[in-house]
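K.L.:
curious how this folds, go ahead:
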Amino acid sequence: MDINFNKNEDHNKLLISNLKQKFAKVKVGGGEKRIEKLHNEGKMTARERIDYLLDAKANSIEIGAFVGEGMYAEHGGCPSGGVVVKIGYIKGKQCIVVANDATVKAGAWFPITAKKNLRAQEIAMENRLPIIYLVDSAGVYLPLQDEIFPDKEHFGRIFRNNAQMSSMGITQIAAVMGSCVAGGAYLPIMSDEAMIVDKTGSIFLAGSYLVKAAIGESIDNETLGGATTHCEISGVTDYKAKDDKDALDRIKNIVSKIGDYDKAGFNREKSHKPAFDEKEIYGILPKARNEQYDMMEIINRLVDNSEFDTYKDGYGQTIITGYARIDGWAVGIVANQRKVVKTKGGEMQFGGVIYSDSADKATRFIANCNQKKIPLVFIQDVTGFMVGSKSEHGGIIKDGAKMVNAVANSVVPKFTVIVGNSYGAGNYAMCGKAYDPRLIFAWPSAELAVMGGTQAAKVLAQIETSSLKAKGEVVDEAKEKELFDKIKARYDEQVSPYYAASRLWTDAIIDPLDTRTWISMGIEAANHSPIEKKFNLGVIQV
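P.N.:
The predicted model follows:
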């Protein structure tokens, strides 16, 4: 191995170490004292509940672990958005589980909490996965009620989705394991089956204090909306559980009896590990944003037997397209090539840039995968589309639009892995969040932005400098550098993968070695939902 490999390896392993440290902090939720308080109340934490519910030796993936990172500091923070979401297996059946974290503001809903819950429901609806709600929430976080209550993608959308999933035949099971108040009380009751834990679970539109204030009635919360009330008097819930484990065991029993599902029929054979060592990814992926590397070296460490059938190898070389298998599943891969390549005409093409011929090739390949019912995997390390008079005169906008059109209208499931840069319209063409990938996740080396930090900072600094000069201020070289450094620091924070993950622009930040698991579980989930639409590009400029 050369010196650059070792430097890259050290850098990327440091990023992984930082990822693990951040995740360890997130897992504590609202802190050890609040966890201890829950235990003293006879309750399990959200993560403990999920771990008990999911099959112990099976794979699972967590959606949105870093949601809320760096947000709501003035309100004490909101680790993981105050809710834990995992895709895993219950009695061998793939499900998605949503659990309120009562250690974070008593499980109250922040704006980002609603967004994360909606994302979980979106995954369930797209893939027709059974969804389990473990409810323990004080309801809407009132200081931010204006950002969560009335809009289309706010709190009320949760119940609309409950109703839609019910009509789609998607199993929904709710366990009320703590508070379930106000509008939130509709969620378990709009599920197919609901249970409540005795003495710790409660459901009511208004608690005892509000009832007293509103109508003058004096009543305690247990009598108002406890397990006995709702299982024996109101009939709101279907089962009474003696404790958390009893409720979770009942969910396991229900799920174990769910019938098989209609499959989409994606092709799968026996899984094989890559022929090349996956850990070498750490040394291949460069430390510097602008350094070249061969994306095929990454692909060879992700696909079964390191076998890849290249499509149009010598054409449009800044995008790699081809067929492979990941954990046995057949996939079509569209990946940005980061090394400088030379065309047959002798022209040099910059790596990570999408040219007209690359866009044309990708469009054709995406259409082929849709025709063959092969899921698509996009591997992003893209700085955008090629600019300049030659590209503009050659119709780069038209060719880029065709690629975006193909991605937008694709009917096979899409999965997006951001391994490096994800800039500008390149993010869109390579199936960014706006283009409905079933799962989108990033490596710690990823950056998401309109453009790279240095370029953006230069542009913004020039604008700021011109503005100051127009006001008559003297801007010398030192002042210009100060402006640039300040803008660059702010921009670098915003392009961080953690900034994107906190806002749910990506579903997760993962160790590159977990990529195969994420894609495999994603395709397995997508296989629950047969393709009902036909691929049609619509009207495009030829």
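K.L.:
quick check: mean pLDDT of stretch 255-266?
P.N.:
The pLDDT scores in stretch 255-266 average 96.
K.L.:
what residues sit buried inside that stretch?
P.N.:
Under the neighbour-count criterion of 16 or more other C-beta atoms under 10 Å, stretch 255-266 has 255, 261, 264, 266 buried. In this view, the C-beta of every residue, glycine as well, is placed from N, C-alpha and C.
K.L.:
residues in contact with P497?
P.N.:
For P497, the contacting residues are 418, 442-448, 506, 509, by C-beta atoms under 8 Å, 6 or more residues apart in numbering.
K.L.:
at 10 Å instead, please
P.N.:
Taking C-beta atoms under 10 Å, 6 or more residues apart in numbering as the criterion, P497 is in contact with 15, 19, 66, 418, 422, 441-448, 505-506, 508-510.
K.L.:
re the thing from before, ok, so of the buried residues of stretch 255-266, who is nearest V341?
P.N.:
F266 (31.8 Å; C-beta to C-beta).
K.L.:
thought that closest one was touching A330?
P.N.:
Yes. Proximity of F266 to A330 meets the contact threshold set by C-beta atoms under 10 Å, at 6.8 Å.
K.L.:
need the residues touching each of these two.
P.N.:
373-375, 523.
K.L.:
which members of those residues are positioned in helices?
P.N.:
Taking DSSP state H as the definition of helices, the shared contacts of F266 and A330 contribute I523.
K.L.:
could you turn the buried ones of the shared contacts of F266 and A330 into a PyMOL selection?
P.N.:
Buried residues among the shared contacts of F266 and A330 (16+ other C-beta under 10 Å), as a PyMOL selection:
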select buried, resi 374+375+523
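K.L.:
need the shared contacts of F266 and A330 in a markdown table (columns: distance to N290 and pLDDT).
P.N.:
Putting the shared contacts of F266 and A330 into a markdown table (distance: C-beta to C-beta, whole Å; pLDDT from 0 to 100) gives the following:
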| residue | distance to N290 | pLDDT |
| --- | --- | --- |
| K373 | 38 | 97 |
| I374 | 33 | 98 |
| P375 | 32 | 98 |
| I523 | 33 | 98 |
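K.L.:
tell me which two of the shared contacts of F266 and A330 sit farthest apart.
P.N.:
Longest span within the shared contacts of F266 and A330, C-beta to C-beta: K373 and I523, 11.7 Å.
K.L.:
shared neighbours of these two, anything?
P.N.:
Contact criterion C-beta under 10 Å, 6+ apart; residues shared by K373 and I523: 264, 266-267, 330, 412.
K.L.:
give me the residue ranges of this structure where confidence is low.
P.N.:
Applying pLDDT under 70 to the chain flags the ranges 1, 393-395, 453, 539-542.
K.L.:
residue nearest the middle of it, spatially speaking?
P.N.:
D507 (1.2 Å; C-alpha atoms, centre = their mean).
K.L.:
that residue: what's it in contact with?
P.N.:
61-65, 67, 85, 87, 116, 119, 123, 416, 433, 437-442, 501, 518, 522.
K.L.:
switch the cut-off to 8 Å
P.N.:
63-64, 119, 439-441.
K.L.:
can I get those residues in TSV including distance to A359 and secondary structure?
P.N.:
What follows is those, written out as TSV (distance: C-beta to C-beta, whole Å; DSSP: H, G, I helix; E, B strand; the rest coil):
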residue	distance to A359	secondary structure
I63	31	strand
G64	32	coil
R119	29	helix
L439	24	strand
I440	20	strand
F441	24	strand
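K.L.:
ok, which pair from the residues you listed is furthest apart?
P.N.:
The two members of the contacts of D507 with the most space between them (C-beta to C-beta) are R119 and F441, at 12.6 Å.
K.L.:
the more surrounded of the two?
P.N.:
F441 (24 against 18; other C-beta atoms under 10 Å).
K.L.:
my guess is the more buried one meets I509, correct?
P.N.:
Yes. With contact defined as C-beta atoms under 8 Å, F441 reaches I509; the gap is 7.1 Å.
K.L.:
just the buried members of the contacts of P497?
P.N.:
15, 19, 66, 418, 422, 441-448, 505-506, 508-510.
K.L.:
next step: these restricted to strands.
P.N.:
418, 422, 441-442, 447-448, 508-509 (DSSP state E).
K.L.:
mind putting these in CSV, distance to T229 included?
P.N.:
Output for these, formatted as CSV (distance: C-beta to C-beta, whole Å):
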residue, distance to T229
I418, 49
S422, 51
F441, 43
A442, 46
E447, 53
L448, 49
A508, 40
I509, 44
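K.L.:
among those, which pair sits farthest apart?
P.N.:
So, these by C-beta to C-beta: farthest apart are E447 and A508, at 15.9 Å.
K.L.:
make sure I have this right: A425 is in a strand.
P.N.:
No. With DSSP: H, G, I helix; E, B strand; the rest coil as the criterion, A425 is helix rather than part of a strand.
K.L.:
OK, contacts around it?
P.N.:
So A425 contacts 384-385, 400, 404 (C-beta under 8 Å, 6+ apart).
K.L.:
most distant residue from the middle of the chain?
P.N.:
Outermost residue of the chain with respect to the C-alpha centroid, by C-alpha atoms, centre = their mean, is G472; its distance is 47.7 Å.
K.L.:
doesn't that residue lie inside a helix?
P.N.:
No. Counting by three-state DSSP, G472 falls outside a helix, being coil.
K.L.:
pull the CA atoms of stretch 439-456 into PDB?
P.N.:
Only the C-alpha atoms of stretch 439-456 are listed here, as PDB (Å, rounded to 0.1, in the frame of the first residue of the first chain):
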ATOM      1  CA  LEU A 439     -33.500   5.000   1.300                       C
ATOM      2  CA  ILE A 440     -30.800   7.700   1.000                       C
ATOM      3  CA  PHE A 441     -27.800   7.600   3.300                       C
ATOM      4  CA  ALA A 442     -24.300   9.100   3.500                       C
ATOM      5  CA  TRP A 443     -20.800   8.000   4.500                       C
ATOM      6  CA  PRO A 444     -19.000  10.300   7.000                       C
ATOM      7  CA  SER A 445     -17.000  11.700   4.000                       C
ATOM      8  CA  ALA A 446     -20.100  13.100   2.300                       C
ATOM      9  CA  GLU A 447     -20.900  16.800   1.700                       C
ATOM     10  CA  LEU A 448     -24.200  18.200   0.400                       C
ATOM     11  CA  ALA A 449     -24.400  21.700  -0.900                       C
ATOM     12  CA  VAL A 450     -25.200  23.900  -3.900                       C
ATOM     13  CA  MET A 451     -21.500  24.100  -4.500                       C
ATOM     14  CA  GLY A 452     -18.200  23.300  -2.800                       C
ATOM     15  CA  GLY A 453     -17.300  25.300   0.300                       C
ATOM     16  CA  THR A 454     -14.300  27.100  -1.200                       C
ATOM     17  CA  GLN A 455     -16.000  28.100  -4.400                       C
ATOM     18  CA  ALA A 456     -19.200  29.300  -2.600                       C
END
